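J.: pasting the sequence and the predicted coordinates here, then a few questions.
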Amino acid sequence: MTHSLCLVALGFVSLHVLGVPPLPTAQLPSESGTARIAGVVVTVNGTAEPSPARRAIVTLSGDALAIGRSVITHDDGRFVLDGLPAGRFTLAATKPAYLRAVSGATRPGRAGVPLALEAGQRVTGLTLTLVRGAAISGVIRDPGGEAIFGVTVSAMRVLPDGTLTTAATIPSDDRGAYRLFGLPAGDYYVSAAHSRISGNEVIEPSVDQIDRRLAALRARRARPTLSARAPAPASAPEPLPTSSFAPVFHPQAFSPADAQRIALGAGDDRIGVDIVFYRVRSVTVSGVLAGAPASGPVQITMRASGPSLQTAGVTPVLRGRPDGDGPFEFGGVIPGRYVITARTAPGTRPILFSRAEVEVAGGSVNGVALVMQPAFHLKGRIVFDTTRLKPPADLSAIQVMAESIPGASVGGAGGGGRGTSTTIVPTTDAQGNFDVDGIIPGQYRIGTSLGTDPAGWWLRSVMINGRDVLDAPLLVEASTPLSGAVITFSDRHTELSGQLQAPAGRGASDYFIVVFPDDRTMWRPGARRIRATRAGTDATYVFRDLPPGTYRLAAATDVSSDDLIDPAFFESLLPSTVVITLGDGERRTQSLRIGGSDVLEHAAPTPAR
């Protein structure tokens with residue numbers, strides 16, 4: 001259980017604008033030095049005594065190292081990292097089948113304690129403990145009990161917000177067996193999907209269809225010769241039904257809602273998680289394309305929409321595509337929800353598109369209308385908020401990117417389907433005015449490239465229609481205004497730092513410091529305003545480049561990555577938080593004190609300085 005702690009703010013010290021830019025690259029601290037870190041890596045498997053971890057990989061990373069330093073442990077599990085510069089570092093160890101261990105972490109999946117090294121310092125006697133991960137194993141069989149080789153088996157972990165993420169993937173072997181290992185504790189679904197890009201569709205005619213084909217063949221052979229009579233006009237053969245392997249969840253369900261959830265504890269070894277993998281009848285989806293350009297090809301795709309696990313092996317196949325306007329047809333379509341997108345080929349202008357959503361239940365779907373229309377433009381300008389650094393003279397090298405969010409659909413939440421490819425149109429002029437073409441309905445992340453001179457700048461905001469879309473995805477609908485966007489780079493770096501004073505008998509590095517926005521609407525997975533860190537061995541913490549705004553600062557005894565995407569976790573912290581406001585370019589020191597027995601103590605504020 002995660003325990004939140006009551007905090008005492010040791011006063012609000014004076015704020016000031018950070019007007020000094022970062023050091024140029026040539027002046028960064030040297031990556032060599034005289035410090036040393038040494039220790040041992042051990043493994044733990046169930047209740048057995050720890051044993052040395054032979055050939056584990058130990059990695060040190062930090063701001064003072066452009067590339068992390070790694071060493072391999074000896075047979076006795078020991079390691080040494082020499083010639084290290086001063087700085088603040090994270091030390092971690094990895095080994096197959098075990099969960100990643102971070103120095104100072106309370107358990108796997110938790111943040112470690114940053115190591116604060118001074119020049120010439122020797123830190124020895126460190127112990128990193130690798131805990132064996134959980135495992136799931138079973139056999140993939142067809143309805144007749146035969147083992148199936150080469151099926152892609154995935155363990156899908158259930159996150160606190162209900163979404164699924166792939167934790168591990170492996171193909172079934174020649175006996176149909178699989179084993180997924182190195183899994184953290186949690187709830188999972190296990191799925192099986194065909195891994196072949198082609199060859200998944202099989203023709204399965206009925207007995208009546210076979211009889212009719214044979215009768216037609218006999219009748220054709222019994223006709224008089226061509227010299228005796230003119231040939232009869234050829235008729236299109238009757239289409240034969242096909243089937244395809246569909247993704248299946250354990251034990252034999254087509255969606256997580258009907259599947260069996262598997263709860264894994266630390267180090268569990270779950271066997272017998274078998275899956276019956278069978279074919280389902282595939283159908284066709286057809287329609288008509290209209291409004292295609294007179295020149296240039298049109299690409300038509302059909303992708304799964306919503307919470308599904310469609311793979312390349314069951315992606316519908318376009319059997320017919322018009323050069324311009326005309327009919328199209330997808331074959332090999334299994335039940336599910338889909339989005340059909342028509343789009344002019346890359347490089348053609350103007351960019352045209354059309355989209356249609358279809359649901360396939362039991363039979364073929366006909367009459368889908370795709371009417372091409374111009375794609376949308378995201379227009380705006382790039383500005384630089386500067387105090388000391390000089391903005392680039394020519395901004396035309398900066399690219400603006402609109403990346404579609406996979407599975408997102410207009411008017412609804414995203415699922416597990418595929419999104420369209422990233423749209424990158426480098427049409428920024430020298431003054432920073434940009435025009436991104438090719439935007440179609442959906443949700444997008446907006447990003448940029450600073451070109452050849454990114455040193456010292458950070459992307460502070462992307463304002464579109466009065467909202468900063470760095471805090472939430474950009475939802476594009478047919479009526480969404482996409483002009484007047486403002487992308488701001490700044491050399492005004494914010495910083496929130498301080499010291500944590502722990503009660504007697506406990507170290508400051510036993511605690512996590514969590515900062516999150518006061519605005520509940522920003523409690524989103526992956527939000528840039530949500531951070532967590534451990535107090536270092538020097539009892540200090542630091543958060544850099546938080547966007548300006550009002551935040552809550554808290555401490556907790558245990559924080560996982562799952563907690564940081566769970567709104568209920570932030571709700572539990574609210575009673576024991578300190579509210580702070582961070583201004584643009586402000587550098588703030590906010591020290592915290594935890595009272596005895598983890599209760600709130602009142603203290604006089606620290607005088608401003």
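T.: Thanks, I have the structure now.

J.: pull up the pairing partners for the helix or strand where Ala193 lies, direction included.
T.: Assigned by DSSP states H and E, Ala193 belongs to strand 186-194. Sheet pairing for strand 186-194, assigned by DSSP bridges, gives strand 151-158 (antiparallel), strand 248-249 (antiparallel), strand 262-264 (antiparallel).

J.: okay, these in JSON lines with mean pLDDT, mean neighbour count and distance to Glu329 next?
T.: Every residue, glycine included, has its C-beta placed from N, CA and C. Output for the strands paired with strand 186-194, formatted as JSON lines (pLDDT from 0 to 100; neighbours: other CB atoms under 10 Å; distance: least, CB to CB, whole Å):
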{"stretch": "strand 151-158", "mean pLDDT": "92", "mean neighbour count": "23", "distance to Glu329": "28"}
{"stretch": "strand 248-249", "mean pLDDT": "88", "mean neighbour count": "24", "distance to Glu329": "26"}
{"stretch": "strand 262-264", "mean pLDDT": "95", "mean neighbour count": "18", "distance to Glu329": "40"}
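
J.: I'd like the average pLDDT over the strand holding Ala193.
T.: On average, the pLDDT along strand 186-194 is 90.

J.: name the SS class of Arg212, please.
T.: Secondary structure assignment for Arg212 (DSSP: H, G, I helix; E, B strand; the rest coil): helix.

J.: please apply the same query to the one 5 residues further on.
T.: Under three-state DSSP, the three-state class of Leu217 is helix.

J.: now Asp566: closest residue in space that isn't a chain neighbour?
T.: Pro160 (3.8 Å; CB to CB, 6 or more residues apart in numbering).

J.: ok, now which ones touch that neighbour?
T.: Residues near Pro160 by CB atoms under 8 Å, 6 or more residues apart in numbering: Asp562, Asp563, Ile565, Asp566, Ala568, Phe569.

J.: from these, which land in helices?
T.: With DSSP state H as the criterion, helices contain Ala568, Phe569 from among the contacts of Pro160.

J.: of the contacts of Pro160, select the buried ones using a PyMOL command.
T.: With 16 or more other CB atoms under 10 Å as the criterion, this PyMOL line picks the buried residues out of those:
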select buried, resi 562+563+565+566+569
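
J.: tell me which of the contacts of Pro160 has the lowest pLDDT.
T.: Asp562 (83).

J.: for that residue, what are phi and psi?
T.: phi -70, psi -40 (degrees, to the nearest 10).

J.: can you give the domain ranges for this protein?
T.: 4-14+493-598, 32-131, 134-200+243-276, 286-374, 376-490 (automatic domain parsing).

J.: closest to Ala216 out of those domains?
T.: With CB to CB as the measure, domain 286-374 is the member of the domains of the chain nearest Ala216 (22.3 Å).

J.: what mean pLDDT does that closest one have?
T.: The pLDDT scores in domain 286-374 average 82.

J.: quick revisit: go through the strand holding Ala193 and flag the buried ones.
T.: Gly186, Tyr188, Tyr189, Val190, Ser191, Ala192, Ala193, His194.

J.: in this structure the second one contacts Ala135, no?
T.: No. At 11.0 Å, Tyr188 and Ala135 do not qualify as touching, with contact defined as CB atoms under 8 Å.

J.: who's in contact with the closest residue to Val102 other than its chain neighbours?
T.: In space, and not counting its chain neighbours, Val102 is closest to Gly112: 3.2 Å by CB to CB, 6+ apart. By CB under 8 Å, 6+ apart, the contact list for Gly112 reads Thr90, Leu91, Ala92, Val102, Ser103, Gly104, Ala105, Arg534.

J.: where's Gly112 relative to Ser61, distance?
T.: Distance, Gly112 to Ser61, using CB to CB, to the nearest Å: 11 Å.

J.: between those two, what contacts are shared?
T.: Thr90, Ala92.

J.: is Pro346 located within a strand, as I assumed?
T.: No. Counting by three-state DSSP, Pro346 is not found in a strand; it is coil.
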